[in-house]
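Novice: Please work out how this folds:
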Amino acid sequence: MKATVVIPTLNERECIAKVLQDIPKEAVHEVLIVDGHSTDGTPEIVRQLGYRVITQPGKGYGDAINTGVAHADGDVIITMDADGSYNADDIPRLLKKLEEGCDIVYGSRYAKGSGSDDDTLVSYIGNKVFTFLLNILHGVKISDSLFLYIAAKKRVFETIEMKSQNFEYCIEFPIKAHKAGFTYTEIPSREKKRTGGDSKVNAVYHGFRILWVLLKEIRT
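Specialist: Residues are numbered from 1 along each chain as shown. The predicted structure is shown next:
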């Protein structure tokens with residue numbers, strides 16, 4: 001399998017070099033940085049380090065993932081955040097599960113043996129509520145719905161039609177992948193303290209958008 005790592009960025013100059021340094025190069029075919037019109041020099045830093053930068057045409061996390069998938073050369077896509085909180089050492093473990101036959105492997109902060117050094121009380125409670133609703137309303141069986149650290153065969157992305165442009169992408173993806181019949185599992189993945197930068201998630205605004213997707217997808 002050839003794996004492409006897709007990393008959305010937006011003003012990540014404080015952390016992107018460390019994130020790229022930590023990726024196990026022997027495990028992946030390529031790394032694509034999808035930049036959301038950064039103004040702090042993030043794309044220039046990435047290019048100086050020898051990595052490819054794609055400027056996304058629109059805005060938002062979901063748009064960035066879709067853009068990266070469209071440009072990916074690999075037959076497996078791994079999605080990572082650029083803030084340094086994802087444990088890059090888990091990449092070989094994600095890929096190993098795919099090799100064993102699954103279509104999608106989710107990293108989970110709440111599976112046995114994992115945890116988070118970056119969670120807040122608000123994000124923890126929100127995630128638990130949304131994960132419960134995801135599993136009850138849509139029959140999905142995962143333990144961490146808002147941590148899109150995944151490895152998935154590219155054909156998954158090519159089969160399901162993703163419409164979310166922002167962080168609600170995290171909840172739309174498992175719903176549509178489950179409905180399409182793709183097989184999946186999860187591995188424990190400990191979330192690290194972010195290396196730098198500010199969170200782009202607004203708990204109230206994005207919480208309502210996530211809830212809307214959860215309810216809207218019941219009818220489809």
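
Novice: Centre of the chain to the helix or strand bottoming out on mean pLDDT in the chain, how far?
Specialist: None of the helices or strands of the chain scores lower by mean pLDDT, DSSP states H and E than helix 203-216, at a mean of 90. Taking CA atoms, centre = their mean, to the nearest Å, one finds the center of helix 203-216 at 17 Å from the center of the full chain.

Novice: just stretch 5-24 next, same as before
Specialist: 13 Å.

Novice: so what does the least confident helix or strand of the chain touch, helix or strand wise?
Specialist: Helix 203-216 sits against helix 121-138, helix 169-179, with contacts defined as 3 or more CB pairs under 8 Å, 6 or more residues apart in numbering; DSSP states H and E. C-beta: built from backbone N, CA, C; applies to glycine.

Novice: Convert the helix or strand just after the last one to PDB, retaining C-alpha atoms only.
Specialist: Once helix 169-179 ends, the next helix or strand along the chain (criterion: DSSP states H and E) is strand 184-188. Coordinates of the C-alpha atoms in strand 184-188 are reproduced here as PDB (Å, rounded to 0.1, in the frame of the first residue of the first chain):
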ATOM      1  CA  TYR A 184     -13.700  -0.300  10.200                       C
ATOM      2  CA  THR A 185     -11.900  -0.700  13.500                       C
ATOM      3  CA  GLU A 186     -10.100   1.600  15.900                       C
ATOM      4  CA  ILE A 187      -6.800   1.700  17.800                       C
ATOM      5  CA  PRO A 188      -5.900   3.500  21.000                       C
END
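
Novice: Contact partners for residue 63?
Specialist: Listed by CB atoms under 8 Å, 6 or more residues apart in numbering, the contact set of residue 63 reads 36, 56, 57, 165, 166.

Novice: Now with 6 Å, please.
Specialist: 56, 165 (CB atoms under 6 Å, 6 or more residues apart in numbering).

Novice: returning to what we had before: which parts of the least confident helix or strand of the chain are buried?
Specialist: 206, 207, 209, 210, 211, 213, 214 (16 or more other CB atoms under 10 Å).

Novice: now for those, which pair is the farthest apart?
Specialist: Largest separation among the buried residues of helix 203-216 by CB to CB: 206 and 214, giving 12.6 Å.

Novice: Could you pull out the helices in the protein for me?
Specialist: 16-22, 42-48, 61-71, 91-99, 121-138, 154-159, 169-179, 203-216 (DSSP state H).

Novice: Save these as TSV, and put in distance to residue 113 too.
Specialist: What follows is those, written out as TSV (distance: least, CB to CB, whole Å):
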stretch	distance to residue 113
helix 16-22	20
helix 42-48	32
helix 61-71	27
helix 91-99	11
helix 121-138	17
helix 154-159	25
helix 169-179	21
helix 203-216	26
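
Novice: nearest to residue 188, of these?
Specialist: Per CB to CB, nearest to residue 188 of these: helix 91-99, 9.1 Å.

Novice: roughly how far apart are the residue sitting nearest the centre point of the chain and residue 176?
Specialist: The C-alpha lying nearest the average C-alpha coordinate of the chain belongs to residue 148 (CA atoms, centre = their mean; 3.1 Å). Noted for residue 148: a distance of 13 Å to residue 176, by CB to CB, to the nearest Å.

Novice: which ones are touching residue 148?
Specialist: Per CB under 6 Å, 6+ apart, neighbours of residue 148: 79, 170.
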